[in-house]
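K.L.:
pasted the sequence and its predicted model underneath.
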Amino acid sequence: MTRPAPAGARPAVVVATSNPGKLREIREILADLPLVFRSLDAWPPIEFPEEGDDYAVNAVVKARAVAEATGLPALADDSGLEVEGLGGAPGPRSARYGGPDLSDRERAAALLRALRNHQGAARNARFVCVAALVVPDGGVHSARGECPGRILDAPQGSGGFGYDPVFEVKPGTSMAQLPPAQKNAISHRARALRSLRDALRSLAGSAR
């Protein structure tokens, strides 16, 4: 059983991810809220159900598992890259594209190989994110965000994570080349999380 926060302490929300880049982005995007966004490292490993092909279902399942295990509100997201020339793939399976043990760089390379003979509209793409907030009493809030772009011929930039270096968000500029503040103003994750701000803010109000 989780102990209640001391009087005057900011309420905690556990972020259901082991990806340090994603955790950092979520904290930056929501930095102005009177909440503490905690990582999973403070708890024993939590076993998540195998993810499927629906962003919303995946996000809610992850958040619910963390809320039940920690007794605290949990925030999760499920994100993916959808490429027109690949029929919308890799989609919700973006984190496992090309094989289960590849690095971000290796996944991006696999994507570029798959698009080697595709040009024009076939390289149009979008990042998709569904964020979900689950509270221990079972309440669920979710929201979706998208960011359009296209796939570059080669990686550019060293910022961000995942497919950011191969995702052209504006002409000549990849997502990985944007300063964090700019990325967090337009990204799919930022758009989804902004839509959950009222639900998150209510957690701070209910803790008073």
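P.N.:
Sure thing, it's come through.
K.L.:
just the pLDDT for R3.
P.N.:
For R3, the pLDDT comes out at 44.
K.L.:
and if you look at F161?
P.N.:
On pLDDT, F161 comes in at 91.
K.L.:
test my guess that R144 contacts C129.
P.N.:
Yes. With contacts counted by C-beta atoms under 8 Å, R144 reaches C129, the gap being 7.0 Å. All C-beta atoms are positioned from the backbone trio N, CA, C, and that covers glycine.
K.L.:
quick one: which of these two has more around it?
P.N.:
Neighbour count, other C-beta atoms under 10 Å: between R144 and C129, C129 has more, with 23 against 15.
K.L.:
wait, isn't that one in contact with S142?
P.N.:
No. Counting by C-beta under 8 Å, C129 does not reach S142; the two are 10.6 Å apart.
K.L.:
downstream neighbour of the longest helix belonging to the chain in the secondary structure list?
P.N.:
In the chain, with assignment by DSSP state H, the single longest helix is helix 55-70. Next along the chain after helix 55-70, taking DSSP states H and E as the criterion, comes strand 74-83.
K.L.:
rounded mean pLDDT for that next one, please.
P.N.:
Average pLDDT, strand 74-83: 96.
K.L.:
what lines up beside that strand in the sheet?
P.N.:
Counting by DSSP bridges, the strands paired with strand 74-83 are strand 12-15 (parallel), strand 90-91 (antiparallel), strand 124-134 (antiparallel).
K.L.:
quick one: that strand to helix 55-70, angle?
P.N.:
150 degrees (axes from the mean of the first three to the mean of the last three C-alpha atoms, to 10 degrees).
K.L.:
27 is where my numbering starts, stick with that
P.N.:
OK, 27 is where the count begins now, so the last one is strand 100-109.
K.L.:
with only the CA atoms kept, save strand 100-109 in CSV.
P.N.:
The C-alpha coordinates for strand 100-109 follow below in CSV (Å, rounded to 0.1, in the frame of the first residue of the first chain):
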residue,chain,number,x,y,z
ALA,A,100,-0.5,6.3,-13.7
LEU,A,101,0.2,7.9,-17.1
ALA,A,102,1.1,5.9,-20.1
ASP,A,103,1.3,6.5,-23.8
ASP,A,104,1.5,4.3,-26.9
SER,A,105,3.1,5.8,-29.9
GLY,A,106,3.9,4.8,-33.4
LEU,A,107,5.1,5.9,-36.8
GLU,A,108,2.8,5.3,-39.7
VAL,A,109,4.3,5.5,-43.2
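K.L.:
now do the buried residues in it.
P.N.:
Neighbour counts over strand 100-109 (16 or more other C-beta atoms under 10 Å) mark 100-109 as buried.
K.L.:
what does stretch 163-172 give?
P.N.:
By 16+ other C-beta under 10 Å, the buried positions in stretch 163-172 come out as 167-169, 171.
K.L.:
return the member of these nearest to A225.
P.N.:
Using C-beta to C-beta, H167 comes nearest to A225 of the buried residues of stretch 163-172, at 4.1 Å.
K.L.:
isn't that closest one up against L101?
P.N.:
No. Between H167 and L101 there is no contact, the gap being 9.6 Å when judged by C-beta under 8 Å.
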